[in-house]
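Chemist: 3D, please:
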Amino acid sequence: MQKIKTTLLNIQGLKKGSISSANLSKSIFLGIALTFLSHNEAKAQLTATGQIRERTEIRAGQGTLQKDGEKAALFNSQRARLNLGFTGYRFKVFMALQDVRVWGQDASSINRTTTEANNGIMLHEAWGEIMLNDTTSTIQNLSLKIGRQEISYDDQKVLGGLDWLQQGRRHDAIVFKFANKGWIADVGAAFNQNKELGTGTVYNGTNSAYGAGTNGIGTMYKSFQYAYIGKKLSFGDISFLFFKDDFNKYTNVTSGTPAVTTKVYGEGVWSRNTAGFYFNSTIARKLNLTGSVYHQGGHDKDGRSISANLASITSTLQVGRKLFVGPGIDYLSGDDGIKAVTATTDNNRFDPLYGTPHKFWGSMDYFYAANGFGKQGLLNYFFKAKYNMRDNLTLLLDVHGFEAANTLSNGAGGKLSSYLGTEVDLLVKYNLTKMINIEAGYSYMKATNSMASAAVKNVTNPDLSPQFAYVMLNIKPNFLAKK
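Modeler: Below you'll find the model as predicted:
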């Protein structure tokens, strides 16, 4: 645009004698060319953004209780992303190259005699989207998106990008997308293989734990199919989700001396079905309610029949101009801790699929995160407060009371208290600029002996007062932004 302005000034300058007539044709040609390019720029748009995210963490029982007397862990992890996107006539393409590492995990110089084991570089996203409707269509959007992509819906309780985790979460999938007059309808599918094959479709999933689900599932799905329908209403949003993920069947084979049991994968899948509703509603000018109800059926990754449920509701009340407060509760079903669990026993543990557990069940990630939880389900009573001290400074406070949704066994035929602990999360967010954010958090939990028991975390001689703290710097440059 600046070149266009300069050219126009040069052309105008001819009238004042500031340029010669010999340069007139060059100026006019350049002006026409730049005008043509600017016209095409409106139709085709290139985006180039990035991210450098540094996070220093102090873990003294984060994720699970540590033993009394163990020292805290201190480390710095780093995410680096380069995002390139291009929008043209009836198509979009996007790629995100990502590197995730912990400071010091790699040698400071290259040793050509060894292979670096800590390979944190990967293609986080790489997708293309084709618009099936042209510019004359009355439909807002009708498109097909295919490739590696994040899949997130609603509050990300069951499907989310898991941005807290430095590597995030992505799926290799194809999604048909429709949007018009407040309606959204997406239909998606994925089909995974370990490698190119000449015969069969057996998939063991073990090489894909990087993108596996929540709750320490450890096995990547063989395939999935889902349908999502949402509607924007005058008082909020409502949506329905059906998600089916399939896991390759296997049998346990024992052989050798001493005996070793291994999984032998064969044809066929066990399918898990999750369906439910979500709503986000402003029922009064300053009161918002968000809730969801889901049911899981079918079979889990080990072939057990599933019958599990999730129910959640969160309230947010605006108090004054800057303060937002509200209580809420989450219920996730689990197995009865007293009854024996066998291969034929129904699985009553609700698994929050591929969501973002860090957002809901405490910053210390004790529940439904990578280390696994859920045998007895969870009741999460919480109170949240948010105070916008300034336009660029926000304070947040979350208080959680965690309780097992079912009975806990003491291992001797008796019962344990179902209460697991109380967690307090403090968070400060400061935007130095639009592209630079600084965040700091501190979490403290007062855990119970039930949390440490073999029925839950199975930690002997535990420290029942775990703590967690972090400082995070997030820089997200827009390389093509105008000054």
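Chemist: count of residues packed around the nearest residue to residue 91 once chain neighbours are set aside?
Modeler: Of all residues not flanking residue 91 in the chain, residue 130 sits nearest, at 5.4 Å (Cβ to Cβ, 6 or more residues apart in numbering). All C-beta atoms are positioned from the backbone trio N, CA, C, and that covers glycine. Residue 130 has 13 neighbours, counted by other Cβ atoms under 10 Å.
Chemist: I figured residue 130 hits residue 90, correct?
Modeler: Yes. Counting by Cβ atoms under 8 Å, residue 130 does reach residue 90; the two are 6.7 Å apart.
Chemist: Can you pull the domain assignment for this protein?
Modeler: Listed by automatic domain parsing, the domain ranges of the chain are 1-43, 46-475.
Chemist: Identify the spatial nearest neighbour of residue 247, chain neighbours not counted.
Modeler: Leaving aside its sequence neighbours, residue 247 sits nearest to residue 301 (Cβ to Cβ, 6+ apart; 4.0 Å).
Chemist: what's near enough to touch that neighbour?
Modeler: By Cβ atoms under 8 Å, 6 or more residues apart in numbering, residue 301 lies in contact with 217, 219, 247, 270, 272.
Chemist: Which single one of the residues you listed is nearest to residue 456?
Modeler: residue 217 (17.9 Å; Cβ to Cβ).
Chemist: that's a helix at that closest one, yeah?
Modeler: No. Residue 217 is assigned coil when assessed by DSSP: H, G, I helix; E, B strand; the rest coil, not a helix.
Chemist: wait, doesn't it sit right on residue 352?
Modeler: No. If you go by Cβ under 8 Å, residue 217 and residue 352 don't touch, sitting 10.4 Å apart.
Chemist: and these two? which has more neighbours close in?
Modeler: Neighbours per residue (other Cβ under 10 Å) separate residue 217 from residue 352, with residue 352 holding more: 26 against 20.
Chemist: Tell me the secondary structure of that one, please.
Modeler: Counting by three-state DSSP, the backbone at residue 352 sits in coil.
Chemist: Surely it touches residue 309?
Modeler: No. Here residue 352 does not reach residue 309: they are 11.8 Å apart, not a contact under Cβ under 8 Å.
Chemist: Quickly list what's touching both of those two.
Modeler: Contact criterion Cβ under 8 Å, 6+ apart; residues shared by residue 352 and residue 309: residue 332.
Chemist: what's whichever strand or helix holds residue 59 packed up against?
Modeler: Applying DSSP states H and E as the criterion places residue 59 in strand 45-60. Using 3 or more Cβ pairs under 8 Å, 6 or more residues apart in numbering; DSSP states H and E, the elements in contact with strand 45-60 are strand 73-88, strand 467-475.
Chemist: Which strands border the last one, and is each parallel or antiparallel?
Modeler: Spelled out, it's strand 467-475. Sheet pairing of strand 467-475 (DSSP bridges) gives strand 45-60 (antiparallel), strand 436-447 (antiparallel).
Chemist: buried stuff in the last one?
Modeler: Same thing as strand 436-447. Neighbour counts over strand 436-447 (16 or more other Cβ atoms under 10 Å) mark 437, 439, 441, 442, 443, 444, 445, 447 as buried.
Chemist: Any chance of TSV for the residues you listed, columns pLDDT?
Modeler: As requested, the buried residues of strand 436-447 are exported to TSV (pLDDT from 0 to 100):
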residue	pLDDT
437	98
439	98
441	98
442	98
443	98
444	98
445	97
447	97
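Chemist: Relative to residue 55, which of the residues you listed is nearest.
Modeler: residue 439 (8.6 Å).
Chemist: so what's that closest one up against?
Modeler: Contacts of residue 439 (Cβ under 8 Å, 6+ apart): 427, 428, 429, 430, 471, 472, 474.
Chemist: Show me what it bridges to in the sheet.
Modeler: residue 429, residue 472.
Chemist: Quick check: pLDDT value at residue 197.
Modeler: pLDDT recorded at residue 197 is 85.
Chemist: Oh, that last question was meant for residue 245, not what I typed.
Modeler: pLDDT, residue 245: 96.
Chemist: Save the domains of the chain as CSV, and put in distance to residue 481 too.
Modeler: Below are those laid out as CSV (distance: least, Cβ to Cβ, whole Å):
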stretch, distance to residue 481
domain 1-43, 13
domain 46-475, 8
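Chemist: hey, least reliable of these by pLDDT?
Modeler: If you rank the domains of the chain by mean pLDDT, domain 1-43 sits at the bottom with a mean of 46.
Chemist: thinking again about what came up before, bridging residues for the residue nearest to residue 91?
Modeler: residue 91, residue 144.
Chemist: Repeat that for residue 82.
Modeler: With DSSP bridges as the rule, residue 82 is bridged to residue 50, residue 97.
Chemist: Would you quantify the distance from the closest residue to residue 406 other than its chain neighbours to residue 228?
Modeler: Take residue 406 and drop its neighbours on the chain: the residue closest to it by Cβ to Cβ, 6+ apart is residue 376, 4.4 Å away. Noted for residue 376: a distance of 30 Å to residue 228, by Cβ to Cβ, to the nearest Å.
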